[in-house]
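Undergrad: coords below, sequence missing:
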């Protein structure tokens, strides 16, 4: 894919792709996710999995997993290429769209799940007197205070993520 580029341009392109990998890795995500996105982001046309594999020198399974994750985040979409049965992909080039339609939705779902779990913990504390040793007053107070802090933080996050100003900024 990059064999026809001048050496200096090809080096800059490789550096960008590697920087993408280092960035995602620094966030605890796989290096291949960032490299795949960067490669697609720089590509002027849709790219198939085989081309990504050849360019990055990694397994097809790894690239397939990365593309699936990027698709879930709305960072990459599958496109049809006339006359070819392979799946081709292209990157979303508007970062605000990736945040608004992909990452923000994922964060909202995770925050919602956390709220459900907090409610379950709170309910289980109400039923905690099952004949086993009851917590001391200090233990119960500590747990109640920490749970209240977690719920308050959850409510703040929910408010922030639901704020129309956030949508407007993105």
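TA: Ah, there it is. These numbers were taken from a predicted model, which means no experiment stands behind them. Numbering: from 1, shown residues only.

Undergrad: when you work out contacts or count neighbours from here on, use the C-alpha atoms and nothing else.
TA: Noted.

Undergrad: name the surrounding residues that touch whichever helix in the chain runs longest.
TA: Identified as the longest helix of the chain according to DSSP state H is helix 137-161. Residues from elsewhere that reach helix 137-161, judged by CA atoms under 8 Å, 6 or more residues apart in numbering: 104, 108, 111, 112, 114, 115, 118, 122, 166.

Undergrad: buried sites along it?
TA: 147, 151, 154, 157, 158, 161 (16 or more other CA atoms under 10 Å).

Undergrad: picking up where we left off before, and the contacts of helix 137-161, which of them are buried?
TA: Buried subset of the contacts of helix 137-161 (neighbour count, 16+ other CA under 10 Å): 104, 111, 115, 118, 122.

Undergrad: residue 98: which of those is nearest?
TA: residue 104 (8.3 Å; CA to CA).

Undergrad: what helix or strand does that closest one sit in?
TA: helix 104-126 (DSSP states H and E).

Undergrad: chain center to that helix, what's the gap?
TA: 19 Å (CA atoms, centre = their mean, to the nearest Å).

Undergrad: ok, residues contacting it?
TA: 73, 147, 150, 151, 154, 157, 158, 161.

Undergrad: any idea how far residue 115 is from the first one?
TA: Think residue 73. 22 Å (CA to CA, to the nearest Å).

Undergrad: re earlier: the longest helix of the chain vs helix 104-126, what angle?
TA: Relative orientation of helix 137-161 versus helix 104-126 (axes from the mean of the first three to the mean of the last three CA atoms, to 10 degrees): 160 degrees.

Undergrad: other residues contacting stretch 83-103?
TA: Contacts for stretch 83-103 (CA under 8 Å, 6+ apart): 37, 40-41, 43, 45-49, 72-81, 167, 170.

Undergrad: show me how to select, in PyMOL, the buried members of those.
TA: Here is the PyMOL selection string for the buried members of the contacts of stretch 83-103, based on 16+ other CA under 10 Å:
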select buried, resi 37+40+41+46+47+48+49+72+73+74+75+76+77+78
